[in-house]
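Colleague: Got a predicted structure plus its sequence, pasted below:
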Amino acid sequence: MIIVPEQPAAPPPPSPHTPRSLIVTFYGAYGRHVPGPVPVAELIRLLGALGVDAPSVRSSVSRLKRRGLLLPARTTTGAAGYALSPEARQLLRDMDRRVHAAGSPADEGWVLAVFSVPESERQKRHLLRSRLAGLGFGTASPGVWIAPARLHEEARRTLRRLGLETYVDLFRGEHLGFVPTATVVTRWWDLPAIAREHEAFLARHAPALRAWQARPDTPAEEAYRDYLRALDSWRLLPYADPGLPSALLPPDWPGGRAAEVFHALRTRLRDAGATFAGVPPASGGPAPVGGTPAARDGGDGEEPAGGEG
């Protein structure tokens, strides 16, 4: 059992959860394991357990449908429902690799994205920057973005999906100097801001883990509610945080503690929540993936995967 130390008394940060984000999180955790489309009435029931009213569910589903992430379909009984599009399923698979990663990543070098976009296409330049940031890339210099090398395949898929590959060259390599790598990463990423996001996750969800550790039972609806809220918060962090090797991070880095809290909540709650969601417990989410969430409400048609998208 993970012992979550008591933190100094402080009010938890405001809830980040929005109806659209919670719907994406529900499909990532449970909805994609439902055989066939999820009926609208069931979406309303399941989001209602998270405090989302029916009009907000319908409005958010409509937006996800317009982005091509949800497809309208009928269940075997003829009820109206929504299924994930193939694009959404790929985005969720990419998210799995980050959200359910375990352990500190190895140092495998870097991937560089070097791009040039004509001034006449400045909107594409904005889109390109927002998507690279959303994938966890940092800025090495104007027009040169950098990330751990293990992210190159996801970056390649995302840039092709958005039709941006003609503006970008991807390179893989090492940092050879002259400033120590542990120093220069503080220029490439805003590590204090990322640390604050981890601390906010801990402030919001470590108390929930302590409460679950103190009780012997795991009621299905409560487990569903706490797991979905934790996942909804957590799935953003592996995109804001590029997952640097521990040797490049400050010694008091809170990312490991935040990951421990999330994975402990997942282990305790996911399968019980699956019962409430009406899917088999073994389908309550993907198995942890070794090696490595996700715009909340932003644009660019990339709802399940990081940054603004």
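Modeller: Thanks, I have it. All of these numbers come straight from a predicted model, not from anything done at the bench.

Colleague: Which parts of the stretch 201-309 of the chain are helices?
Modeller: Along the stretch 201-309 of the chain, counting by DSSP state H, counting those that start in this stretch, helices occupy 220-234, 237-240, 255-277.

Colleague: ugh, wrong one, the stretch 1-150 of the chain
Modeller: Per DSSP H, counting those that start in this stretch, the stretch 1-150 of the chain has helices spanning 19-29, 40-48, 54-66, 86-99, 122-134. These are given in chain order.

Colleague: Need the winner for burial among these.
Modeller: A comparison of the helices of the stretch 1-150 of the chain by mean neighbour count, using mean count of other CB atoms under 10 Å, puts helix 19-29 on top with a mean of 25. (C-beta placed from N, C-alpha, C; glycine too.)

Colleague: can I get the CA coordinates of that one in PDB?
Modeller: As requested, C-alpha coordinates have been extracted for helix 19-29 and formatted as PDB (Å, rounded to 0.1, in the frame of the first residue of the first chain):
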ATOM      1  CA  PRO A  19     -18.400  18.200 -19.300                       C
ATOM      2  CA  ARG A  20     -16.600  17.700 -22.600                       C
ATOM      3  CA  SER A  21     -13.400  16.600 -20.900                       C
ATOM      4  CA  LEU A  22     -15.200  14.200 -18.700                       C
ATOM      5  CA  ILE A  23     -16.900  12.600 -21.700                       C
ATOM      6  CA  VAL A  24     -13.500  12.100 -23.400                       C
ATOM      7  CA  THR A  25     -12.200  10.700 -20.100                       C
ATOM      8  CA  PHE A  26     -15.200   8.300 -19.800                       C
ATOM      9  CA  TYR A  27     -14.700   7.000 -23.300                       C
ATOM     10  CA  GLY A  28     -11.000   6.500 -22.600                       C
ATOM     11  CA  ALA A  29     -11.600   4.600 -19.400                       C
END
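
Colleague: Next, the angle from that helix to helix 40-48.
Modeller: Relative orientation of helix 19-29 with respect to helix 40-48: 100 degrees, computed using axes from the mean of the first three to the mean of the last three CA atoms, to 10 degrees.

Colleague: Which strands or helices does helix 19-29 pack on?
Modeller: With contacts defined as 3 or more CB pairs under 8 Å, 6 or more residues apart in numbering; DSSP states H and E, the packing partners of helix 19-29 are helix 40-48, helix 54-66, helix 86-99, helix 220-234, helix 255-277.

Colleague: Of the ones you listed, which shows the lowest average pLDDT?
Modeller: Among the helices and strands packed on helix 19-29, helix 86-99 carries the lowest mean pLDDT, at a mean of 86.

Colleague: roughly how far out does it sit from the chain middle?
Modeller: Distance of helix 86-99 from its chain centroid, counting by CA atoms, centre = their mean, to the nearest Å, is 9 Å.

Colleague: What of stretch 219-236?
Modeller: Using CA atoms, centre = their mean, the mean C-alpha position of stretch 219-236 is found 13 Å from that of the whole chain.

Colleague: What's the mean pLDDT across stretch 130-140?
Modeller: Within the predicted structure, the mean pLDDT of stretch 130-140 is 90.

Colleague: So for Pro219, which of the helices of the stretch 1-150 of the chain sits nearest?
Modeller: With CB to CB as the criterion, Pro219 lies closest to helix 40-48 of these, at 15.5 Å.

Colleague: then that closest one to PDB, C-alphas only?
Modeller: Backbone C-alpha positions of helix 40-48 (Å, rounded to 0.1, in the frame of the first residue of the first chain) are rendered in PDB as follows:
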ATOM      1  CA  VAL A  40     -27.300   8.700 -25.100                       C
ATOM      2  CA  ALA A  41     -29.400   7.800 -22.100                       C
ATOM      3  CA  GLU A  42     -26.500   5.900 -20.600                       C
ATOM      4  CA  LEU A  43     -24.100   8.800 -21.200                       C
ATOM      5  CA  ILE A  44     -26.500  11.000 -19.400                       C
ATOM      6  CA  ARG A  45     -26.700   8.600 -16.400                       C
ATOM      7  CA  LEU A  46     -22.900   8.100 -16.200                       C
ATOM      8  CA  LEU A  47     -22.000  11.800 -16.600                       C
ATOM      9  CA  GLY A  48     -24.800  12.600 -14.100                       C
END
